[in-house]
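3D, please:
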Amino acid sequence: MEQRTNPFRMFALLIFTMPMRQLTIFIVFVLIFALPKVTEAQDSVVVDSMTLKLQLLDQLYRTANYEQAQVEAELLREFLNTHNIPLSAKSVTLISSIYKANRDERSATRLLTEAELDARHDPNTATKAALLTVLVQECRAWQLPDQALTCQQLLSVTRDSMIARERRKENLDMQQKYDSLTTLRAQEIALQSQNIVLKQENALVVGAVVFGIFLILIVSRYRNNNKWASFLKKKELEWEITRANIHQEAEETAAQQVLAVSQNIQVNTANDTPHYPTFHGPKPNQIALLIEPNRQVVLYLKSLLSDRFQIETASTSIEGLQMASDLLPDLVVCDTVLNGNSGIEVARQIKLSERTNHVPVVLLTDKYGNEGKLDALRAGANAWFTRPVIDDEFDATVQRLLEARKVQHNEFRAYIQLYFSDNKIQIQDPFLLQTVEMIEHNLANPDYMADEIARKLQLTKTHFTKKLLVLTGKEPVQLIRELRLEKAKTLLEKRAGTPNAISEMVGFSNPGSFALAFKEYFGENTLLLYSLPPNRLV
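Below is the predicted model of the structure:
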């Protein structure tokens, strides 16, 4: 009987009988065309396994089997780390919900940290933005404000890059359309130049017609402009009337509310409810921010502070931090308990921020003795009070903080006066040190302004001006001017040059204005000071 031929045996014999060169080519061919398919198959298996694990986690979470769900969540994280798969927005939300159900804050913190690292290394801006959005929500839910702020900044940068990429794509599309239209227009002009030949008399007729049309368009445009101008003026008048009516209605509503409040106050007075009067004098320039959810406490603090401050209020920690950053108040009064959140952390954030660290903070706590003092030290507060607040002590403390600011102004004035002398004193505020050093390095530049200082300190001009005014009592222009004059006096006393030359060295473009400014600031004449012998200088 004939034996059947085994195809695998024939293939093996063919391989072993091949020459070495042909065998090498065959192996390379197999590696090139077979390995990608194997890799794709492995990737497909990994994706399917990850999908099944997520479905299992979702089912366990829906059935409230939180312990088994946490076990599966840890297995899923190990699986993702093994295969170098980044965390997705869906998986972060699901696993964080499981940790929250089990109250496992440590695992949640580790998860959010790993997810933030994955988001930083994700080249895809769409998935990166989705993951960062989920991270911001989860960090706020787990009370991690620092990490939430970091993720929010990364999300803003990612969204800006996405917007920039879309704009580049739109610009490229517009450029392509413009190029295509330019090409079509060039082709059209070429066809017209080949097919249309106007005689001289026809050209004159066409020119006259075009000129007539141009005049008609100008006249019609002028009429339309007048028509639209009258129409807009009429609409503006209507808007002014409407705005006046709305303002009048708002005043009437406010009057009714004031009347209702006064009636309510009278009723409360009849029922022996304490009433705190509000100061009705001129509007103060200073601002006090009250971060307090209790309405009665807010009214009481307003009665104590309204004669010296404009009062702004916030009832939550997020609102309080935002208002402190935007308003740069002159005083912050913060409660230690804000709707379940820690007011100590709010006060600490205010003191740690470069923008608001100069603002004095008064902490209200329900603790006594060393415990209340410990809360104030943890927050970096300037003073603390145990509720209920005693008005005399509170007024004395606020007055002490305001007088301390005046003392700080006097110390800075002395620091400026001795800055260029051998008896220079030191100050500890980094903000003031950086500001004075930048001004000193640019004294010779007459165009040097506060905008450049604010930009280098990463502040807006308004915030920089207000912070400098609070710490020194001086506007930026005044501080630059005084430093220039103090430097000029030092140079004149050392005979470093003529008054005209020194005026240029300190940034005065006009010697006459320099002499007037020097006379006004020091009460002395520059030429007289320059001509005095060194042993007669004071």
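
Could you check the host helix or strand of Gln296 and say which residues are buried?
In this assignment (DSSP states H and E), Gln296 forms part of helix 295-305. Within helix 295-305, the residues scored as buried using 16 or more other C-beta atoms under 10 Å are 297-298, 300-305. C-beta coordinates here come from the backbone N, C-alpha and C atoms, glycine included.

next one: stretch 208-217
Counting neighbours by 16+ other C-beta under 10 Å, one finds that stretch 208-217 has no buried residues.

next one: stretch 431-444
431-432, 435-436, 439, 442-443.

Can you report how many residues lie near the spatially closest residue to Thr93 that is not a sequence neighbour?
In space, and not counting its chain neighbours, Thr93 is closest to Val134: 5.5 Å by C-beta to C-beta, 6 or more residues apart in numbering. Per other C-beta atoms under 10 Å, the neighbour tally for Val134 reads 22.

for the one 5 residues further on, same thing?
Neighbourhood size, Cys139 [other C-beta under 10 Å]: 24.

Could you find the closest non-adjacent residue to Asp366?
Spatially, and ignoring its direct neighbours in sequence, Asp366 is nearest to Arg387 (5.6 Å; C-beta to C-beta, 6+ apart).

check contacts around that neighbour.
Counting by C-beta atoms under 8 Å, 6 or more residues apart in numbering, Arg387 touches 297, 364-366.

With Pro511 instead?
499-500, 503.

ok, now Leu76?
50, 53-54, 57, 91, 95.

follow-up on the earlier one: can you name every helix or strand that the helix or strand harbouring the residue nearest to Thr93 contacts?
Using DSSP H and E, Val134 sits in helix 125-141. For helix 125-141, the packing partners by 3 or more C-beta pairs under 8 Å, 6 or more residues apart in numbering; DSSP states H and E come out as helix 89-102, helix 105-121, helix 145-195.

for Thr445, phi and psi?
Rather than Thr, residue 445 is Asn. Taking degrees, to the nearest 10, you get phi -90, psi 110 for the backbone angles of Asn445.

That one: how many residues sit nearby?
A count of neighbours around Asn445, defined by other C-beta under 10 Å, yields 11.

if I look at it, how far off is Val362?
According to C-beta to C-beta, to the nearest Å, Asn445 and Val362 sit 42 Å apart.

Next: Ser96.
The value you get for Ser96 to Val362, if C-beta to C-beta is used, is 37 Å.

just to revisit the earlier point, mind listing what's buried in the helix holding Val134?
Using 16+ other C-beta under 10 Å as the test for burial, helix 125-141 gives 125, 128-140.

same question, stretch 349-363
So for stretch 349-363, counting by 16+ other C-beta under 10 Å, buried means 349-351, 355-356, 358-363.

The stretch 251-400 of the chain: strands as residue ranges?
Here the stretch 251-400 of the chain has its strands, by DSSP state E, counting those that start in this stretch, at 287-291, 310-314, 331-335, 337-338, 341-342, 361-365, 383-386.

Listing partners with orientation, what would you give for the third one?
Yep, that's strand 331-335 we're talking about. Strand 331-335 pairs in its sheet with strand 287-291 (parallel), strand 361-365 (parallel), by DSSP bridges.

Which residues does the last one contact?
The set of residues that contact strand 361-365 without belonging to it, under C-beta under 8 Å, 6+ apart, is 292, 297, 331-336, 343-344, 347, 350-351, 371-372, 375-376, 379-387, 389, 394, 397-398, 401.

That one to helix 295-305, inter-axis angle?
140 degrees (axes from the mean of the first three to the mean of the last three C-alpha atoms, to 10 degrees).

In contact with the residue nearest to Thr93, which residues are there?
89, 92-93, 115.

and if we set it to 7 Å?
Val134 is in contact with 89, 92-93, counting by C-beta atoms under 7 Å, 6 or more residues apart in numbering.

now Lys424: how far from Trp142?
The value you get for Lys424 to Trp142, if C-beta to C-beta is used, is 49 Å.

Looking at these two now, which is surrounded by more residues?
A count of neighbours by other C-beta under 10 Å puts Trp142 above the other of Lys424 and Trp142, at 17 against 9.

Provide the backbone phi and psi angles at that one.
When quoted as degrees, to the nearest 10, the phi and psi of Trp142 stand at phi -90, psi 10.

That one contacts Ala108, correct?
Yes. With contact defined as C-beta atoms under 7 Å, Trp142 and Ala108 form a contacting pair (5.5 Å).

which other helices and strands contact the helix or strand where Ile416 lies?
Per DSSP H and E: Ile416 is located in helix 391-417. If you count contacts as 3 or more C-beta pairs under 7 Å, 6 or more residues apart in numbering; DSSP states H and E, helix 391-417 packs onto helix 295-305, helix 461-472, helix 476-493.

related to what we said a few turns ago, reformat the helices and strands packed on helix 125-141 into a markdown table and put mean neighbour count next to each item.
Formatted as a markdown table, these follow (neighbours: other C-beta atoms under 10 Å):
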| stretch | mean neighbour count |
| --- | --- |
| helix 89-102 | 20 |
| helix 105-121 | 17 |
| helix 145-195 | 12 |
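
re the thing from before, which among the contacts of Pro511 end up buried?
The buried subset of the contacts of Pro511 (16+ other C-beta under 10 Å) comprises 499, 503.

Which member of the contacts of Pro511 is positioned nearest Leu469?
Closest to Leu469 out of the contacts of Pro511 is Ser503 (27.4 Å), distances taken as C-beta to C-beta.

Show me the shaky parts of this protein.
Residues of the chain that meet the criterion pLDDT under 70 lie in 1-42, 193-201, 230-231, 233-283, 339-341, 369-372, 526-538.

domains for it, by residue range?
For the chain, the structural domains run 10-163, 198-275, 287-400, 418-536, going by automatic domain parsing.
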